[in-house]
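> Can you look at this prediction? I've put the sequence above it.
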Amino acid sequence: MRTIFYLIRKEFIQIFRDKFIGKAIFGVPIVQMLLLVPAVTFEIKDVKLCIVDRDMTSESRELVSQLEGSTFFKVRYATYSEQEANDLLHRGKCDLIIQVPSDFGKEIGKGYPGRLMVSANAINAVNAQLSWAYLNGVIRDYSRNIIAENTGNLTVSSIPQIQVTNRYWYNELLNYKHYMLPGVLGILVLAIGFILAGLNLVKEKESGTMEQINVTPIKKYHFIIAKMVPFLLIGLVDLAAGLIIGKLTFNIPFEGSIFLLFLGSALFLVAVLGLALFISTFSRTVQQYMFTAFFFIIILILMSGIFTPMESMPVWAQKFDIINPAAYVMRINRMIMLKGSTFHDISRDIYALILIAVAFTILAVNRYRKTA
């Protein structure tokens, strides 16, 4: 035990001797939280419209007025030429083209369904789908007003229809920052642990200090544990800093147990550090490790479910996430912070992280070659 303690002390001295790493440890979480949380969002607040109104009746003008009154749409262009509208869409000047045919008002006046032609820029499929959903909502409200006007003494409420009352749980205001911050915390811990721990070991190889350690009687697991503990503690400190920034800057709710959150993050860090040290044993230079680490980090993050639900991924991707520790910590963070989940609710994720952490640590210990 004393051997591990002295090795850990040596690691802390070595870490903070590097001025850049010392600043990065505490600077990265601040910058990452302040930039990523408000920037990474799928919310759409400004859909640029181009209106091609060939009808120019009170019905078409009322529709355009209702679109302008929406918080999602901005009517930027109005033209009579379909070619000009398509050119604006091609140049990225607008996101949606709404074409109102010349018989729009006449058809509605006769009681027939009105027709509209909508062209959407679907390069970004998510934006196109959300824009279409918002547009459908505005048109549905417009249709209800038309029905109310054309039914004489009847009102919208007296027309047979299904009434739906909804309530959003756990994120009632649908604030995307509340959804993203727990995931960004996982990315923060992943970046700190994966990059710095592996770089620390590879730098020792390049500087030659590894050979001095290898001729000492320390055991392999002593060496790996000593490499993991400092970055485990640093990662948890960064997690605490991220939580404080999130609360003070974005007023992020925290419904669950802080102890349970740190437990899940600690297990996640052990798994990440084990994987990082395992990879670093194959790397001879910093460049080799950075290239490999970048490859693994991108895969772990993109397949973790931070941006898209895992349920929407292909079956093979969902099976891969069984060994992806980032997928578990994303789920744990969100369930604890937003839902107030207890240990019983996330026990499967906790046990899975324990197995992954043990497996990666054993791989790192077995792969490390203590040769002079």
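Alright, I've got the coordinates. Numbering: from 1, shown residues only.
> packing partners for the lengthiest helix in the chain?
Assignment by DSSP state H gives helix 220-250 as the longest helix of the chain. Applying 3 or more C-beta pairs under 8 Å, 6 or more residues apart in numbering; DSSP states H and E, we find helix 220-250 packed against helix 2-17, helix 19-39, helix 176-191, helix 197-207, helix 258-280, helix 343-367. Placement of C-beta: from N, CA and C, glycine included.
> looking at these, which has the lowest confidence?
Among the helices and strands packed on helix 220-250, helix 19-39 carries the lowest mean pLDDT, at a mean of 77.
> quick one: buried residues of it?
Buried residues in helix 19-39, counted by 16 or more other C-beta atoms under 10 Å: 21, 24-25, 28-29, 32-33, 36-37.
> Next, format those residues as JSON lines and append distance to residue 307.
Listed next are these as JSON lines, based on distance: C-beta to C-beta, whole Å:
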{"residue": "21", "distance to residue 307": "29"}
{"residue": "24", "distance to residue 307": "25"}
{"residue": "25", "distance to residue 307": "26"}
{"residue": "28", "distance to residue 307": "20"}
{"residue": "29", "distance to residue 307": "20"}
{"residue": "32", "distance to residue 307": "16"}
{"residue": "33", "distance to residue 307": "17"}
{"residue": "36", "distance to residue 307": "12"}
{"residue": "37", "distance to residue 307": "14"}
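> Do a quick rundown of the strands in the stretch 51-200 of the chain.
Applying DSSP state E, counting those that start in this stretch to the stretch 51-200 of the chain gives strands spanning 73-79, 96-100, 117-120.
> Please name every helix or strand in contact with the last one.
The one in question is strand 117-120. Against strand 117-120 (3+ C-beta pairs under 8 Å, 6+ apart) you get helix 82-90, strand 96-100, helix 125-150.
> just the longest one next, same as before
Contacting strand 73-79 under the criterion 3+ C-beta pairs under 8 Å, 6+ apart are the following elements: strand 47-53, helix 58-68, helix 82-90, helix 125-150.
> Okay, buried residues for it please.
Going by neighbour count (16+ other C-beta under 10 Å), the buried part of strand 73-79 is 73, 75, 77.
> repeat for stretch 196-206
For stretch 196-206, burial by neighbour count (16+ other C-beta under 10 Å) applies to 196-205.
> Run through who's touching it.
For stretch 196-206, the external contacting residues (C-beta atoms under 8 Å, 6 or more residues apart in numbering) are 11, 14-15, 21, 24-25, 210, 213, 227-228, 231, 234, 272-273, 276-277, 279-281, 283-286, 288-290, 293.
> Save the helices and strands packed on strand 73-79 as a markdown table, and put in mean pLDDT and distance to residue 333 too.
Listed next are the helices and strands packed on strand 73-79 as a markdown table, based on pLDDT from 0 to 100; distance: least, C-beta to C-beta, whole Å:
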| stretch | mean pLDDT | distance to residue 333 |
| --- | --- | --- |
| strand 47-53 | 92 | 31 |
| helix 58-68 | 87 | 38 |
| helix 82-90 | 91 | 40 |
| helix 125-150 | 82 | 23 |
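> Please work out which of the ones you listed is packed deepest.
Per-stretch averages of neighbours, counted by mean count of other C-beta atoms under 10 Å, single out strand 47-53 among the helices and strands packed on strand 73-79, with a mean of 21.
> okay, the angle between that strand and strand 73-79?
40 degrees (axes from the mean of the first three to the mean of the last three C-alpha atoms, to 10 degrees).
> what's strand 47-53 packed up against?
Contacts defined by 3+ C-beta pairs under 8 Å, 6+ apart place strand 47-53 against helix 58-68, strand 73-79, helix 82-90, strand 96-100.
> Hey, what's the angle from it to helix 125-150? Just curious.
In terms of direction (the same axes, to 10 degrees), strand 47-53 departs from helix 125-150 by 50 degrees.
> Let me see the domain layout of the chain.
The chain breaks down by automatic domain parsing into domains covering 2-40+176-367, 47-158.
> Among the ones you listed, which comes closest to residue 170?
Comparing the domains of the chain against residue 170 with C-beta to C-beta, the closest turns out to be domain 2-40+176-367 (4.8 Å).
> that older thread, which one of the domains of the chain lies nearest to residue 168?
Closest of these to residue 168 is domain 2-40+176-367, at 11.3 Å (criterion: C-beta to C-beta).
> hang on, the earlier thing: quick one, which of the helices and strands packed on strand 117-120 gets closest to residue 320.
helix 125-150 (22.5 Å).
> Between helix 58-68 and the closest one, find me the angle.
Taking the same axes, to 10 degrees, one finds helix 125-150 and helix 58-68 inclined to each other by 140 degrees.
> tell me what helix 125-150 is packed against?
Judged by 3+ C-beta pairs under 8 Å, 6+ apart, the packing partners of helix 125-150 are helix 58-68, strand 73-79, strand 96-100, strand 117-120.
> Apply 6 Å and report the result again.
helix 58-68 (3 or more C-beta pairs under 6 Å, 6 or more residues apart in numbering; DSSP states H and E).
> which helices and strands does the helix it packs on pack with?
Against helix 58-68 (3+ C-beta pairs under 6 Å, 6+ apart) you get helix 104-109, helix 125-150.
> C-alpha coordinates for it, PDB please?
In PDB, the C-alpha atoms belonging to helix 58-68 read as follows (Å, rounded to 0.1, in the frame of the first residue of the first chain):
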ATOM      1  CA  SER A  58     -58.000  37.400 -47.700                       C
ATOM      2  CA  GLU A  59     -57.600  33.700 -47.000                       C
ATOM      3  CA  SER A  60     -54.000  33.500 -48.300                       C
ATOM      4  CA  ARG A  61     -53.100  36.800 -46.500                       C
ATOM      5  CA  GLU A  62     -54.500  35.400 -43.300                       C
ATOM      6  CA  LEU A  63     -52.400  32.300 -43.600                       C
ATOM      7  CA  VAL A  64     -49.300  34.300 -44.200                       C
ATOM      8  CA  SER A  65     -50.200  36.600 -41.200                       C
ATOM      9  CA  GLN A  66     -50.600  33.500 -39.000                       C
ATOM     10  CA  LEU A  67     -47.200  32.200 -40.100                       C
ATOM     11  CA  GLU A  68     -45.600  35.600 -39.300                       C
END
